[in-house]
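Colleague: based on what follows, work out the 3D shape:
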Amino acid sequence: MSQKITVSAKKITPLVFSILALVFINVNVFADSVYIVHDKTLPQAKYASDKLVSVLKEQDYTVVDSARDYDYLISIAVNDYSLKKEAFSIIPEGPILSVYGGDERGMLYGVLALVEDLKNGIALDDIKAKSEEPHLQLRAIKHNFPWDSYRPSKALDQHYDTTRDLEYWEAFLDMMVENRFNALTLWNLHPWIYMVKPHNFPEASPFSDREMKEWRELHRGIFRMAKERGIDTYLVPWNIFVSKEFVEAHDVGHVNTYPYYNTKADGSELIKRYVRESVAQVLEEYPNLTGLGLSHSEGMGGWMPEQRDAWLKETYLAAIKSVDRPVKLIHKVPSSAGKSMDGSTSVDTEQLVRTTLESIDYVDGPIWLAGKYNWSHGHSTPTFVRVHGGELHDTYFKPEPENYKFTWIVRNEDFHALRWGVPSFIREHIQLNGSKSAVGGYIIGSETYIPALDYFTAVKKGVDWDFAFERQWLFYKLWGRLLYNPETSDTVFTEEFARRYGAEGKNLLNAYELASKTPLRLASLFNATWDHTLYSEGMLALGDRTMDYISVDRLIQRPVLDPAYVSIADYVDTVIKGNTFSDDRVTPLDLAKQLESDCRAALQLVEGIDTSHNVALMYEVADVQAWSHLGLHLAEKIRGGVALQMYRQNGGEEKKLQAIDHLENALAQWDEVIGVTRPIYKDMRLTHLIGSSKNLNPDGYFHWELIRPHVAEDVEVAKQASVTD
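Modeller: Okay, here's the model as predicted:
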C-alpha cells in the first residue's frame, strides 16, 4: 500500500521540482484503491455509497470499479438476521470492511458513521469495530410550511421562496439523515389544495395547470429525497379548513380559510366529502408520502370531543381505509375537553381518544400519539409538568398500549437567532421522559419559526452556510444523535467543532453547555404556556395583549414552571416569615449564583479565540458571549427583584439601594448583549410580536437594542419604589 511522502519547505530547484512532480503523479496513480459493494436496487444504498465515495476522494483514496484490483473492499448490506431495525455494525477484517444495517435505514447510519470517522482523519487501516442501535423509534422534526401557515405573519411569509426550492430540502434532508432523524413532519392548515386538483371539486383549486405542476414537482421531490435518505414524511394539518375558492363556490366554511385558525367548526356534509376525497387523492398521487397527522384542533370550535372524533373518522380515517397502500399515522393530543379550542384536558377525553386509537387496525403501526411537552416551551426544565391545556393523566399509559406509542413534541418557541447546545439537558430529558416502553419518540421543532431563509446574518461575506438551519447545526446534531443513542459521547460533537474550526473550536461545546442553559433557566423560572407567552432569547413575554420585555415586577410575581424552583415572591414571603427551603429547592438567589458561575466560565472559555480569519467562528463565539451576557443580565435582575421585594415588604433603605445597584448591573449586561449582537445581527422579524394574535402586528421586528429603553425602566421602578403598606 502506498506511503505518504513529505517534502521539505526548502527552496526547490527546477530539476528537483520536475522530479517531485513525477513522484506525486505516480503517488496519485497508485493511491490506495477502494472497491465498494452495495445493492444498486436500493435507493438508500446508492445514497450511502455516493456519500462514502465523496469522502474517500476527499481523503485521497481512489474508488475503483474492479472487483479484482483493489487495496480495500467496503461491503454495504442489510443484515436483518442479527441486527434490529435501524441498528448498524461496522466490522473491519483486514482490507475488507463490512457495514451492516438491520434495515436500509440502519445501513445508511452505518455508512454515515464510517464517513464521520474518515472525516475525522481516521485511515481505513485504523477503523475500529463499532455497533449502535436506536434508543427511540421516532426521531422527527416538525417543519411548518409558510403557505397557509398557522399564526400567519411576515416572519413566516418571508420563507416562501426558499421552501419552494428543492435545493433547500435536499440540504435539510441531508442534515436530518446525518443526525439520525428518521421522520419529517410537514405542517400547515390546508395542505391538500397545494398538492392535488380535486377530481370532484376542481373549483376549489386556485392554481393553473402550470402552477399545479410546480407544486406537484416540489412535493414529489421532497418525498422522493426523503425516501432515499430513509426518512418518513407526514402531512399534519390543523383540521377543518378549505380554500377560499371552495367557500366562494359553495357558500360554506366562511371562517375555515387562511388566515383564520382558531375558529368555529363547520360540519357541512359537502366539506366532509371534499376533505375525505382530497386526502385520499393525495395518498394515491404521492406514493412516497409515508403518513398523515390527525388533530382534534383548530377549526373545530363549538364542538364537543365526541363530535370532533366523529368528524375525523368520517374524513381522514375513512380516506386512509379507502386507499390500497400502507399509511402511517400521527395523532396529536390533547383534544380539548370542552367546546373551546383554547386547551383543556380530562380523563374522559383521553379515554375517547384511546378507544378510537385502539379500534384502528388498518394503518402501518405503531400509531404515534403526540403530546406537547410542557406546552409550547419544551426547552425549559427536563421535569415534565404539563401538556397543552393542562394535566396529562395516565389514561394513555395504563394499561400499556399495544398499537400506539406516546411521542413528545418538544417545541422551541424560545430561541431562533442565537446558536444553542446543552447536551446534558437532552440526555436528562430522554432519561426522565423517553425511556419508558410506552414512549416511542420525540418530534422537535417550532411553530413560530421556519429554519429556511437566513434573515439574521448581517455579515454575509465569508459565512459557510446558505440556509438558516445550517446556523443551528449543533441544535440538530445534539437532538438527533442523542435521540438515536443517548450514550453518544460529547467527543462526537467536539470533533465536529474541530473539523469546522480546528484548535480554536476545542472549547466551544463546553462553552455552549454553560452559556445556553440561560433560556432553559428562564423558561423554568417564568411559567409560560402557548407560543407567544414567552420568547426566552429576547427576555420577552406576553402581557395583556402585546409581547413585552419581562419587567422586574413581572419577574417577581410570576409563578414558576419547574416545581423545584421558587418564585421571587414566594421566596421573599418565606424568608420574612423566618422559614427556609429544603435543599432540593432552587431559590432565586441559588439560580442567580448558578447563572453567574456558568456564564462567567463560558466567557472565559472563549476568551482569546482568534476569530479574525473565520466569520463562522466569529458568530459561534459571539453567540456564546450573547447567551453569557443574557445570563448575567438575568442573574442581576433576579437579585434586584429579591432586594426590591424585600424592601417593599420589610423596609430597609439598604435593600432599595441593593435593588438599584443590581438592576443597573442588569442594564449594563444588556448593553454588553447589544455590543455583541448589533454589528452582526439584523433587526429580525418575529412572529411573537403579533402578541395575543387578536392584536396583529405583522411588521414587528426584534433586536436586543430595540428593547433597551424597557430594560432601563427597571432601574427607575426601583428608584421610585416605596414600602408596601
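
Colleague: so which elements touch the helix or strand containing Ser524?
Modeller: Under the criterion of DSSP states H and E, Ser524 resides in helix 518-525. Counting contacts by 3 or more CB pairs under 8 Å, 6 or more residues apart in numbering; DSSP states H and E, helix 518-525 is packed against helix 588-606, helix 615-650. To be clear about C-beta, it is placed using only N, CA and C from the backbone, and glycine gets the same treatment.

Colleague: what are the contacting residues of the first one?
Modeller: Judged by CB atoms under 8 Å, 6 or more residues apart in numbering, the contacts made with helix 588-606 from elsewhere in the structure are 507-508, 510-512, 514-515, 517-518, 521, 525, 565-568, 571, 586, 621, 624-625, 627-629, 631-632, 634-636, 638-639, 641-642.

Colleague: go on, stretch 384-391?
Modeller: So stretch 384-391 is contacted by 333-334, 336-337, 342-345, 371-376, 392, 432-433, 530, 561-563 (CB under 8 Å, 6+ apart).

Colleague: in strands, which of these fall?
Modeller: Members of the contacts of stretch 384-391 lying in strands (criterion: DSSP state E): 333, 371-372.

Colleague: just the buried residues out of the contacts of helix 588-606, in ChimeraX syntax.
Modeller: Typed into ChimeraX, the next command selects the buried ones out of the contacts of helix 588-606 (criterion: 16 or more other CB atoms under 10 Å):
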select :507,508,510,511,512,514,515,517,518,521,525,565,566,567,568,571,586,621,624,625,627,628,629,631,632,634,635,636,638,639,641,642
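
Colleague: could you point out which element follows the lowest-mean-pLDDT helix or strand in the chain?
Modeller: The weakest-scoring helix or strand in the chain, judged by mean pLDDT, DSSP states H and E, is helix 14-29 (a mean of 39). On the C-terminal side of helix 14-29, the closest following helix or strand by DSSP H and E is strand 33-37.

Colleague: which strand or helix spans the residue nearest to Glu203 when sequence neighbours are not counted?
Modeller: Leaving aside its chain neighbours, Glu203 sits nearest to Ala249 (4.5 Å; criterion: CB to CB, 6 or more residues apart in numbering). Using DSSP H and E, Ala249 falls within helix 244-250.

Colleague: and that helix, what's buried?
Modeller: 245-247, 250.

Colleague: sorry, back to before: buried ones among the contacts of stretch 384-391?
Modeller: 333-334, 336-337, 343-345, 371-376, 392, 433, 530, 561-562.

Colleague: which ones are touching the residue nearest the centre of the chain?
Modeller: Against the mean C-alpha coordinate of the chain, by CA atoms, centre = their mean, the closest residue is Gly445 at 3.5 Å. Going by CB under 8 Å, 6+ apart, Gly445 touches 141-144, 185, 411-412.

Colleague: quick one: the helix holding Ser524 to helix 615-650, angle?
Modeller: Interaxial angle, helix 518-525 versus helix 615-650 (axes from the mean of the first three to the mean of the last three CA atoms, to 10 degrees): 30 degrees.

Colleague: relative to helix 588-606, how tilted is helix 518-525?
Modeller: Going by the same axes, to 10 degrees, helix 518-525 makes 170 degrees with helix 588-606.

Colleague: so in that sheet, which strands flank the helix or strand just after helix 518-525, and in what orientation?
Modeller: Counting by DSSP H and E, the next helix or strand C-terminal to helix 518-525 is strand 534-535. According to DSSP bridges, strand 534-535 forms sheet pairs with strand 540-542 (antiparallel).

Colleague: could you look up the next helix or strand downstream of the strand it pairs with?
Modeller: Remark: after strand 540-542, the chain's next helix or strand is strand 547-549, criterion DSSP H and E.

Colleague: partners of that following strand, with directions?
Modeller: strand 540-542 (antiparallel).

Colleague: need the residues that contact the partner strand.
Modeller: Taking CB under 8 Å, 6+ apart as the rule, strand 540-542 contacts 526, 528, 532-535, 547-550, 554, 688, 691-692, 702, 707.

Colleague: make a ChimeraX selection of the buried ones in those residues.
Modeller: Entered in ChimeraX, the line below selects the buried ones among the contacts of strand 540-542, by 16+ other CB under 10 Å:
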select :526,528,532,533,534,535,547,548,549,550,688,691,702,707
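
Colleague: where in this protein is pLDDT low?
Modeller: 1-30, 694-698, 725 (pLDDT under 70).

Colleague: go again using 80 as the cut-off
Modeller: For the chain, the stretches with pLDDT under 80 are 1-30, 341-343, 692-699, 725.

Colleague: just the element for Thr407, please.
Modeller: Counting by DSSP H and E, Thr407 is found in strand 404-411.

Colleague: and that strand, what does it pack onto?
Modeller: strand 138-144, strand 328-333, strand 367-372, strand 439-445.

Colleague: using PDB, write out every CA atom in it.
Modeller: Provided in PDB are the C-alpha atoms of strand 404-411 (Å, rounded to 0.1, in the frame of the first residue of the first chain):
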ATOM      1  CA  TYR A 404     -49.600   3.100  19.700                       C
ATOM      2  CA  LYS A 405     -46.600   4.800  21.300                       C
ATOM      3  CA  PHE A 406     -46.600   8.100  23.100                       C
ATOM      4  CA  THR A 407     -44.400  10.700  21.500                       C
ATOM      5  CA  TRP A 408     -43.200  14.000  22.900                       C
ATOM      6  CA  ILE A 409     -43.500  17.200  20.800                       C
ATOM      7  CA  VAL A 410     -40.700  19.400  22.200                       C
ATOM      8  CA  ARG A 411     -41.400  22.800  20.800                       C
END
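
Colleague: how far does it sit from the chain's center?
Modeller: 13 Å (CA atoms, centre = their mean, to the nearest Å).

Colleague: so that strand versus strand 367-372, what angle?
Modeller: Going by the same axes, to 10 degrees, strand 404-411 makes 30 degrees with strand 367-372.

Colleague: contacts for strand 404-411, please.
Modeller: With CB under 8 Å, 6+ apart, strand 404-411 has contacts from 137-138, 140, 142, 330-332, 357-358, 365-373, 375-379, 396-397, 429, 433-434, 438-447, 531.

Colleague: what about Lys460, how many residues close to it?
Modeller: Lys460: 8 surrounding residues under other CB atoms under 10 Å.

Colleague: show me what contacts it?
Modeller: By CB under 8 Å, 6+ apart, Lys460 has no neighbours at all.

Colleague: what about it, helix or strand, and which?
Modeller: Counting by DSSP H and E, Lys460 is part of no helix or strand.

Colleague: do the same with the one 10 residues further on
Modeller: Under DSSP H and E, the secondary-structure element containing Glu470 is helix 468-471.

Colleague: helices and strands around that helix, which ones?
Modeller: By 3+ CB pairs under 8 Å, 6+ apart, helix 468-471 packs against helix 166-178.

Colleague: ok, the next helix or strand along the chain from the helix it packs on: who's next to it in the sheet?
Modeller: The helix or strand immediately downstream of helix 166-178 is strand 183-187, counting by DSSP H and E. Sheet pairing of strand 183-187 (DSSP bridges) gives strand 138-144 (parallel), strand 232-236 (parallel).
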